[in-house]
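# Could you work out the structure for the sequence below:
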Amino acid sequence: MFTYQQLPQRNLTKLILQQTPYFDSLYVKQQLIKKDSIQIKSVQPKVKKKRLKNVYYEDLIINEVVDGDISEFNKQGKISINENGDTLSTANDFIIEKQRNYYVEYSINDITTQIDFSFLNANYQQFSGGGSPIYLNPGFNFLFKLGLSDLMEDYRITGGLRFSFNFDNFEYLLSYENLKHRLDRQIIFHRQSMDNYTYYYDSRQYSHSVYYIVRWPFNTVMSTKGTVFLRSDKEVFLSTRDVSNLIRPDIVNNWAGLKAEFIFDNTRNIGLNLYYGTRYKFWGEYYQSITGEDRNLFVIGFDYRNYQKIHKSFIWANRFASSTSFGKNKLIYYMGGVDNWLFPKFNTDINIATDQNYTYQTLATNMRGFTQNIRNGNSFAVLNSELRFPVIKYFAKKPIRSDFFNNLQLIGFGDVGTAWTGSNPWDKENSLFIKNIPGNPISIKLEKEIDPIVGGLGFGLRSRLLGYFMRADWAWGVENGVIKPYVFYFSLSLDF
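Purely as a prediction, here's the structure:
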């Protein structure tokens, strides 16, 4: 940092230390920086700190308006107001915006226009007597749905229209939801028409329903739901095959009812049709005829589902569901096939009880390996188990751009269950064990020995294509210990 100059020997006691050129340059730079900072501080004006001052009503003074202009604050800092009593302010003052009421205004938040294969609202179908497939999906149709919501998303309005390309089956839905408070409320109007073709006649069924629904969430995973509804069913006989149907009167049934549900769902969605956790639902329904006849229908049931992680996104999914109907009228369950089967088939060899006074019908699925109606009755129980393996996603170490390959899944499954009439599946009154062969003048009643429990096993593929989650299943049914030929299913639905 310092050096000394070479001097004669006699002057060694007087050393003269000098700065190095490098240190001199640093010193000059430091002095220049100090000089610049002093100049900047001298240029900046002094900012006077603002102090808050209390303003009282007696400090207010009224100034005159001169040429439409109003004077500003006076020298004493008092606020000026005009003759109308309005407070005056300057451009530098903070102005509090005027509080305004929030008026509900709706905007479009959802528009759906697509080719669709499902109903707008799922409900029980009118009993058709059997003999033809049960279509819980309307087939190939066009769907238009519009959703409206306000700014705070407290209110929702949804309207939907579905019509088939044969211009016979139409469906309308209009819904209004109030989600402002913890208790959610909803009103639904639903109208549906459906053609019914049986061995004896053709008809068209109309159904009009109004629902008032309330939901109360206990927490983020548990809630209860209550429904009050009115339903009007009408069946019009068509004279397409028999002219005598022209004079046949229409069948009209009007019902009022209640429905209560308890729902638990703590599942986590880790992918399309892939979940972790458990969810289940208990429900009970009551139908009462309001057309003057003493008829009623009770339905109770539950649906339990559990999803276990095997490794990464490879999961094991299990489901157990059961339901029964009782009362003066009943609901019939047709077991067999899968939900939203696009090309369903119906088994006419299994007897359908005629003494149960069935009013409505629905499917008890999944029971793969058989067509619809491998078992039927007013009660059912079914157990489904699936191994869901995402083929590409499981091995991929980076995001997959293709939606089809990202959601491609290989499925291995097994189903077991039954449907019955009577107190249990082995009851002698079970219609499965009885077959009536009508004749003239003699009718024959056969009693069969058959195992009421059926099962199925197989494999399938799942993925999403063009926005539709498609399922292809190959299943072999097992009845009375005999493995049946495989049945192929192509359907559009999620989960089980």
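# and the helix or strand containing Ser207, what does it pack onto?
Secondary structure assignment for Ser207, by DSSP states H and E: strand 202-217. Applying 3 or more C-beta pairs under 8 Å, 6 or more residues apart in numbering; DSSP states H and E, one finds that strand 202-217 makes contact with strand 125-126, strand 184-197, strand 222-238. The way it works is simple: take the backbone N, C-alpha and C, and place the C-beta from them, glycine included.
# Same list (those) but as a markdown table, adding distance to Lys29, mean neighbour count and mean pLDDT.
A markdown table is the format used below for the helices and strands packed on strand 202-217 (distance: least, C-beta to C-beta, whole Å; neighbours: other C-beta atoms under 10 Å; pLDDT from 0 to 100):
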| stretch | distance to Lys29 | mean neighbour count | mean pLDDT |
| --- | --- | --- | --- |
| strand 125-126 | 91 | 20 | 86 |
| strand 184-197 | 71 | 17 | 88 |
| strand 222-238 | 71 | 16 | 92 |
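# Around the residue nearest to Gly412 when sequence neighbours are not counted, count how many other residues there are.
Using C-beta to C-beta, 6 or more residues apart in numbering and skipping residues adjacent in sequence, the residue nearest Gly412 is Leu387, 4.4 Å away. Counted by other C-beta atoms under 10 Å, the residues lying close to Leu387 total 16.
# And the pLDDT for Leu387?
Note for Leu387: predicted pLDDT of 96.
# quick one: it from Leu466, how far?
Relative to Leu466, Leu387 is positioned 26 Å away (C-beta to C-beta, to the nearest Å).
# about what we covered before: let me know whether the residue nearest to Gly412 touches Phe413 as I believe.
Yes: using C-beta atoms under 8 Å, Leu387 and Phe413 qualify as a contacting pair, with a distance of 7.4 Å.
# And the residue nearest to Gly412, how close does it get to Asn366?
15 Å.
# same check, this time on Phe320
For Phe320 relative to Asn366 (C-beta to C-beta), the value is 12 Å.
# Quickly list what's touching both of these two.
382, 384 (C-beta atoms under 8 Å, 6 or more residues apart in numbering).
# So for these two, which residue has more residues nearby?
For Phe320 and Asn366, the more surrounded residue by other C-beta under 10 Å is Asn366, and the numbers stand at 28 against 16.
# Look up the closest residue to the more buried one, ignoring the ones flanking it.
Going by C-beta to C-beta, 6+ apart, Asn366 has Val338 as its nearest residue, at 5.0 Å.
# ok, now which ones touch that neighbour?
Contacts of Val338 (C-beta under 8 Å, 6+ apart): 365-366, 368, 471, 473, 489, 491, 493.
# any idea which of these is closest to Ser313?
Nearest to Ser313 out of these is Arg471 (C-beta to C-beta; 18.0 Å).
# contacting residues for that closest one?
With C-beta under 8 Å, 6+ apart, Arg471 has these contacts: 338, 460-462, 489-493.
# pLDDT weak spots in the protein?
Applying pLDDT under 70 to the chain flags residues 1-18, 34-94, 114-121, 131-141, 166-167, 199.
# so what are the domain limits for it?
Split into domains by automatic domain parsing, the chain comes to 2-43, 106-491.
# nearest to Gln99, of the ones you listed?
Of all the domains of the chain, it is domain 106-491 that lies closest to Gln99, at 16.7 Å by C-beta to C-beta.
# and the closest one, how far apart are its ends?
One end of domain 106-491 sits 37 Å from the other (C-alpha to C-alpha, to the nearest Å).
# cool, stretch 108-128 as well?
The first residue of stretch 108-128 is 40 Å away from its last residue (C-alpha to C-alpha).
# what does the strand holding Ser207 rub up against?
For strand 202-217, contacts defined as C-beta under 8 Å, 6+ apart pick out 121, 123, 125-126, 128, 168, 182-196, 223-238, 240-241, 245.
# re the thing from before, any idea how far the residue nearest to Asn366 is from Asp168?
From Val338 across to Asp168, the span is 25 Å (C-beta to C-beta).
# ok, now His311?
In terms of C-beta to C-beta, His311 sits 50 Å off from Asp168.
# more neighbours, the two?
Comparing His311 with Asp168 by other C-beta under 10 Å, the one with more neighbours is Asp168, at 11 against 8.
# Do a quick rundown of the strands in the stretch 351-496 of the chain.
Along the stretch 351-496 of the chain, the segments classed as strands by DSSP state E, counting those that start in this stretch run 358-364, 375-377, 379-390, 409-420, 434-437, 444-447, 454-465, 468-479, 482-491.
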